[in-house]
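> Sequence first, predicted model second:
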Amino acid sequence: MNTGIEPLEKALLTGQWSDQVQGPTWLLDLGRNVVNGAFREVLTSSRARDVFTIREALQNVHDVPLDGCFTAQTELSTEQEYVRLILGVACLHAFLQANWTGPDLDLKPLDVLVVPTGLKSELTEDRLYSKAIKELACAGEPAYHLTECPVFLRLAEICLNAPFSHLASAGWWRLRVWSVHEHVLDEPVAPPPDLLPLMEPYKKLSESEPDLVGQLLLEEGLLYHDLSQDRQAAEMFVRAAATTKLEYELTGALGRRTKFQQFDVSQLVLLAESRRRDGDTPTNLSMNNNSPPRPTPETLALNDDTLLEQTQFTTSSPAAPGSRLTHLDPSSQPPLHPLDQCIFLAMCLNVKNMSPSHGLTSEQMSPYVARVIEHPRNWSIHTIALLLRSRLEANRTRTIDRSTLQLQALVDQMPTADSSVAERLLYIHSIPLPSKWQMQRELALRFLSLGVVKSALEIFERLEMWEEVVKCWQSMEQSTKAIAIVRDLLEGKKAEADAVIARGKTSSENRKQTLDAAREAKLWALLGDLEPEHALKHYTHAWEVSKETSGRAMRSLGGYYFARGDYPNAIVCLRKAVKINPLYSRSWFILGCAHVRVEDWEGAREAFARCVSIDDEDGESWNNLASVYLRLGEAGHRVIEAEQTADDEVADSVATEEVESGRIPFTNKLLAFRALKQGLKFHRENWRMWINYMIVAMDVGELSEACRALARVVEERAAKDGAACVDVEVLERLVDAATRGEAEPTSVNRDNVSLVEQDPRAGLLRQVSDLLDRVILPRVSSGRIFRAKARLLTAQGLWEEAIQMYLNAYRSSSAGTIEKGETDVQKWKDAVNEVEEIVDVLRNFGPRVEGSKWRLQARSVIRTFMGRTKDFEDEPDWSRLVRLQEDLRQED
């Protein structure tokens, strides 16, 4: 693939015209007009009319897709490919102006398309609109039906998805078109498999075009973010910053955040500096220049009686020693390049992130956003910066008012013309700016979270987001109104918005409003959710209406069958659902659970593996995947049944005998171990997973991990379960492993641990000792736990402490707790054995402790036991106790 991007292509990609662009005058005029936002001049030009002329000989025009309405062009020259590229970019940016940035577009599709006279009655604005909305549906996900001018997006796809032979930037524009298309759909869908590989050749230009490659990496990261692949997205954003040579450092500096603060405390601050670009001067890099301010959205003040508008720093150089940013003053930093501002804002998208491995956590994001807001450089960038600040402030008591008012102000400023079209579109592909309807939806959700249900309902009804409308009515405990709305829509009694009439539709009173198949199917599925008694009928009808393309219908049917235990039918439906939209992880999860219920382990493995490939933080899926690995090749084994529901499907603890079975291949055990280890990174509080992990770790020989897992289980469950939370068999096996092969020293000083440290098991010995001393014994105790600790002390040659632990074990045993009046003969016989054991311990270890009075202790144990159990003097085993006493006297 040719990666040499020509100046005209670069001007279109960056949105900035350059004097270096050369070519025919008419071509330069087209390119310049696109960059300047003059889309009417481009799309109504003679060159555009040649491309967008609809064929006359069309039969059944309603059934012909939009790309089939134009004459196919092959073997285009370089200039013809430029024309097609320019027209595609113009259509795409016109669509973005209409639905993202504003101001209102002064152009309609019929101003662009050349429709033959015989087809003008067939191809009206309304029918073109319906055709485009229908064709934009993808992988069973409908396009938002109130999208403005969707025909322009379809025309952009037709122009830019066609093959290019001479222009290197065509693949990049395919990425941009697809990213925009994703935001029009109800749910994200998987991109074409060849899309991201097309970007690789461009990345080789990082030395000659650092900003261009940085912009590409940023846009690729934004696509990963849209697909909920936050780890890959964070990696791309960091690579973009490195490519543009953006220097930044998150550090602390002394300062004050409140008006009444008396002492300076450390405050988070982001020190950042962009690299010097060609054309940069000290004037435009200074924050104190006298150039007129750029038009930007209104930034609302906090106006709080306690918090300052922004942190006041008192430290002038907080950078770490050796940093390149030591010259920066946190209170007076230079403006950042707009592209670098975009990179910082992209790093702050996942505002609920709590995992450092997935990028910035929510606490770290505020300095990044504040660094961008400090110096507005572009209208759209400042808009998304204010939006991100609004999201970060939404859950704080002192900032929630500004958060909501700022979001309202951003929604209101979209239609205004306070800045040029070119200014608003300049960095539109490098920022996650929501569409107009997405921003209004976010405002409505904010109202809903504050309990302002009526205002939220009005917005949702205006946007015709019926699922959210239904939720509002249900929150007000008026489900009957929700059902009535959906039925009226399906029966044509309720017109779908005033916007329909505004587009020029007129209908008789009895005429049913037509719905495209995808949206009608979605409404039937929604009705199934609202009427559980008729759910099967409604879900099935939704599938039929969509002509077997509705992923929503199949997901609902699969969930319906699963909840009722019909797992074979659930598997059939969910297989169809994931085939339509393979990115919907919940469908894969329930599919895996259904396979588990029918003991189809290979199918379950595939489903749960897809879950964790989509969301690697899904701890339940990792746990279930591990459970499945332990059953592969074990046909006929009983299915784990505890706690497996569609809402919280977590496989119960793996039975020890199954894990230890020789029929499970060691490779499967190792895979299960790795799966559980990965899942526990994100679900550390799930004690059932820790139990599974402990048992599997023992089976694969990861004894240190088993020790760590047992510690976590005890910490989580000791308060509720007591000594039962300790898996004593695992503990004893750990002690065996830690003490196996230890030479029994004759005398070891308490502080002399050199003999232990020389053994390769010394690390495990220390870990097991720490487990008992720090975790288990301070919380719970039992005879077997004391004996395990005693064995550990014996291996270390700490005889006095070992004797004390054996005595503790004896006191908690049946012999130590037996009471006068006991009548159970078998219990008494068991207690006699325990007395003999503790006497043997004292006889063996006592002489090794200097100054020990072990004989006195042994006689006291026997005397006390015999005094409590005189009722058993007639038993034959009583003579064993008498013999013990005599032996001790003789040893004196």
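Happy to help now that I have it. Keep in mind the model is a prediction, meaning the values are calculated, not measured. Numbering: from 1, shown residues only.
> which residues in the stretch 201-350 of the chain form helices?
Ranges of helices in the stretch 201-350 of the chain, per DSSP state H, counting those that start in this stretch, are 210-226, 230-243, 282-285, 338-346.
> Out of these, which gets nearest to Thr399?
helix 338-346 (18.6 Å; C-beta to C-beta). Quick note: C-beta positions are derived from backbone N, CA and C, even for glycine.
> what's the closest of the helices of the stretch 201-350 of the chain to His429?
Nearest to His429, of all the helices of the stretch 201-350 of the chain, is helix 210-226, at 5.6 Å by C-beta to C-beta.
> Flag every buried residue along that closest one.
Within helix 210-226, the residues scored as buried using 16 or more other C-beta atoms under 10 Å are 210-226.
> Same question for stretch 459-471.
Buried positions in stretch 459-471, judged by neighbour count with 16+ other C-beta under 10 Å: Ile459, Phe460, Glu461, Leu463, Glu464, Met465, Trp466, Glu467, Glu468, Val469, Val470, Lys471.
> Could you do stretch 138-151 as well?
So, applying 16+ other C-beta under 10 Å, buried residues of stretch 138-151: 138-151.
> what about that stretch, distance to the chain center?
Chain-centre distance of stretch 138-151: 25 Å, with C-alpha atoms, centre = their mean, to the nearest Å.
> end-to-end on it?
The separation between the terminal residues of stretch 138-151, taken as C-alpha to C-alpha, to the nearest Å, is 15 Å.
> quick one on the thing from earlier: want to try TSV for the buried residues of stretch 459-471, with pLDDT as columns?
Output for those, formatted as TSV (pLDDT from 0 to 100):
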residue	pLDDT
Ile459	96
Phe460	95
Glu461	93
Leu463	94
Glu464	92
Met465	93
Trp466	92
Glu467	92
Glu468	94
Val469	94
Val470	93
Lys471	92
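> If we ignore the residues flanking it in sequence, what's nearest Arg256?
Closest residue in space to Arg256, ignoring its immediate chain neighbours: Gln312 at 5.0 Å, by C-beta to C-beta, 6 or more residues apart in numbering.
> so the one you found makes contact with Thr258?
No. Using C-beta atoms under 8 Å as the test, Gln312 is too far from Thr258 to be in contact (9.9 Å).
> what about the two, which has more around it?
With neighbours defined as other C-beta atoms under 10 Å, Gln312 and Thr258 compare such that Gln312 has more, 17 against 14.
> Next up, the contacts around the more buried one.
Gly255, Arg256, Arg257, Ser331 (C-beta atoms under 8 Å, 6 or more residues apart in numbering).
> Contacts for the longest strand along the chain, please.
Taking DSSP state E as the criterion, the chain has its longest strand at strand 247-258. Contacts to strand 247-258, defined as C-beta under 8 Å, 6+ apart, come from residues 241, 264-275, 306-308, 311-315, 318-320, 323-325, 330, 344, 364, 367-368.
> Stretch 881-892 now?
So stretch 881-892 is contacted by Val832, Val835, Glu836, Val839, Arg843, Arg855, Ala858, Arg859, Ile862, Arg863, Phe865, Met866 (C-beta under 8 Å, 6+ apart).
> Which positions in that stretch come out as buried?
Residues Leu881, Leu884, Leu888 are the ones in stretch 881-892 that count as buried (16+ other C-beta under 10 Å).
> distance between the ends of stretch 302-322?
Start to finish, the residues bounding stretch 302-322 are 36 Å apart (C-alpha to C-alpha).
> Show me what counts as buried in it.
Neighbour-count burial for stretch 302-322, with 16+ other C-beta under 10 Å as criterion, is recorded at Thr311, Gln312, Phe313, Thr315, Pro318, Ala319.
> Return the subset of the residues you listed lying in strands.
Going by DSSP E, the strands hold Thr311, Gln312, Phe313 from the buried residues of stretch 302-322.
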